[in-house]
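S.K.: Quick one: sequence plus predicted model below, questions after.
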Amino acid sequence: MIARMPWQSLTALLLAAIALFGLPIVASDASAVSATTLVIFALVLAGAAAPALRLSAVAEAALLFVAAHGAAWLLLAGVAGHEGDAGFAFFALVAACWLIAWRLVSVLSAMTPRSRQAGAALRLLVPAIFGAWLLILWEAITRGAGIPFILLPPPSAIGLRFANSLPILAADVNQTIFKSVVAGYAIGCGAGFAVAILADRFLFLRRGLMPIGNMVSALPIIGVAPIMVMWFGFDWHSKAAVVAIMTFFPMLVNTVAGLSASGAMERDLMRTYAAGYTQTLVKLRLPAAAPFIFNALKINSTLALIGAIVAEFFGTPVVGMGFRISTEVGRMNVDMVWAEIAAAALAGSIFYGVLALIERAVTFWHPSVRGG
């Protein structure tokens with residue numbers, strides 16, 4: 001039975017055995033072994049032994065999920081209010097739970113879904129578990145080791161501040177994303193696409209713009225942002241200008257490269273049909289360039305958010321994500337800073353995800369989408 005167990009399970013069993021000699025889990029506990037401690041050990045042992053029980057993949061994944069997350073929840077609940085007082089057994093058991101979760105992700109990744117819905121659920125579940133364990137380990141380390149709040153607050157404190165500051169966060173998101181980012185992104189990507197079409201049509205533009213594009217794309221944002229503030233003022237217009245500059249050249253370069261992606265045989269076939277430049281562009285070259293264009297759109301979705309937030313450090317009204325981050329850092333309100341970072345990460349992920357879904361719908365014929 002031991003020979004059939006993966007190394008994650010064996011290591012988790014070893015850590016659980018080592019944790020027995022480091023009890024209690026929290027040094028301030030009056031009793032070394034409590035009912036909660038017994039439940040934690042039972043869950044860890046059940047999760048570690050799951051691969052040897054000859055269960056189906058679904059049953060094994062369910063047992064691993066309950067064992068890893070149930071034990072982790074009890075451990076974190078036990079150390080709450082006793083920050084910095086966790087013993088060696090606490091960290092050993094957290095590591096054992098993490099290894100069980102690792103085994104869970106491996107089992108889920110090896111599953112062959114029987115339907116498209118099951119496949120979509122697995123593609124969402126695996127990264128969700130992976131991301132959740134990053135937060136669990138963050139919470140366990142900060143609370144168990146008693147890391148000062150000002151250096152690194154635990155995710156629970158950030159989440160509480162996030163929930164209590166929704167009106168402020170909503171105003172900042174509206175100023176930074178729905179004004180600066182959306183306007184600058186549309187202008188930069190639209191202008192880059194239009195100039196790429198002109199550069200493809202006229203050779204002198206392509207040869208002249210590409211070297212300039214490489215140079216401008218290397219300009220530091222901290223040098224451009226103050227200039228844009230002086231030109232366009234302190235409101236969102238200057239931030240939109242920074243975003244437009246940052247997104248223009250990635251779109252230009254990728255679109256020009258994509259327009260050259262169609263094969264020579266396809267272009268020769270269009271010429272035999274007496275197709276002109278516009279017909280060839282619309283019916284052959286732009287569809288072939290679609291993956292490159294969407295790649296630029298996805299790259300720019302993150303660049304735009306970064307550019308707008310950094311630009312707000314150099315002058316903005318008393319609202320905005322960059323303004324809030326710079327202000328709250330000066331006040332040592334690090335939980336609010338992390339809440340703003342979480343809001344920016346969430347907005348950026350949603351933006352990127354929407355673009356990815358549109359890409360799959362538009363470029364369904366491309367091998368990368370058919371294979372995904």
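M.R.: Alright, I've got the coordinates. Numbering: from 1, shown residues only.
S.K.: All the helices of the stretch 201-350 of the chain, residue numbers only.
M.R.: Taking DSSP state H, counting those that start in this stretch as the test, the helices found in the stretch 201-350 of the chain are 203-217, 221-232, 236-259, 264-272, 277-280, 286-311, 321-330, 334-362.
S.K.: Let me know how buried the closest residue to residue 261 other than its chain neighbours is, in neighbour terms.
M.R.: Setting aside the residues directly before and after it, residue 261 is nearest to residue 288 in space (CB to CB, 6 or more residues apart in numbering), at 4.8 Å. For glycine as for every other residue, the C-beta is placed from the backbone atoms N, C-alpha and C. As a burial measure, residue 288 scores 17 neighbours (other CB atoms under 10 Å).
S.K.: Let me see the contact set for residue 288.
M.R.: Counting by CB atoms under 8 Å, 6 or more residues apart in numbering, residue 288 makes contact with 258, 259, 261, 262, 266.
S.K.: Check the gap between the fourth one and residue 222 for me.
M.R.: Yep, that's residue 262 we're talking about. 40 Å (CB to CB, to the nearest Å).
S.K.: Which one's more surrounded, these two?
M.R.: Comparing residue 262 with residue 222 by other CB under 10 Å, the one with more neighbours is residue 262, at 18 against 11.
S.K.: need the contact list for that one.
M.R.: Under the criterion of CB under 8 Å, 6+ apart, the neighbours of residue 262 are 284, 285, 288, 289.
S.K.: Could I have the PyMOL command that selects the buried members from the residues you listed?
M.R.: The PyMOL selection below is limited to those of the contacts of residue 262 classed as buried (16 or more other CB atoms under 10 Å):
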select buried, resi 284+285+288+289
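S.K.: Please tabulate the contacts of residue 262 in CSV and include pLDDT as additional columns.
M.R.: Listed next are these as CSV, based on pLDDT from 0 to 100:
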residue, pLDDT
284, 79
285, 79
288, 83
289, 85
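S.K.: Out of the contacts of residue 262, flag the one nearest to residue 327.
M.R.: residue 289 (43.1 Å; CB to CB).
S.K.: from what I can see that closest one touches residue 281, true?
M.R.: No - using CB atoms under 8 Å, residue 289 is not in contact with residue 281; the gap is 9.4 Å.
S.K.: Overlap of the contact sets of those two?
M.R.: residue 259.
S.K.: that older thread, tell me which of the contacts of residue 262 is nearest to residue 174?
M.R.: residue 289 (33.9 Å).
S.K.: which stretches of this structure aren't confidently modelled?
M.R.: The model of the chain has pLDDT under 70 over residues 1-4, 28-32, 263-264, 268, 273, 366-372.
S.K.: per-domain residue ranges of it.
M.R.: 2-147, 162-371 (automatic domain parsing).
S.K.: As a markdown table, those domains with distance to residue 155 would be great.
M.R.: Below are the domains of the chain laid out as a markdown table (distance: least, CB to CB, whole Å):
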| stretch | distance to residue 155 |
| --- | --- |
| domain 2-147 | 5 |
| domain 162-371 | 9 |
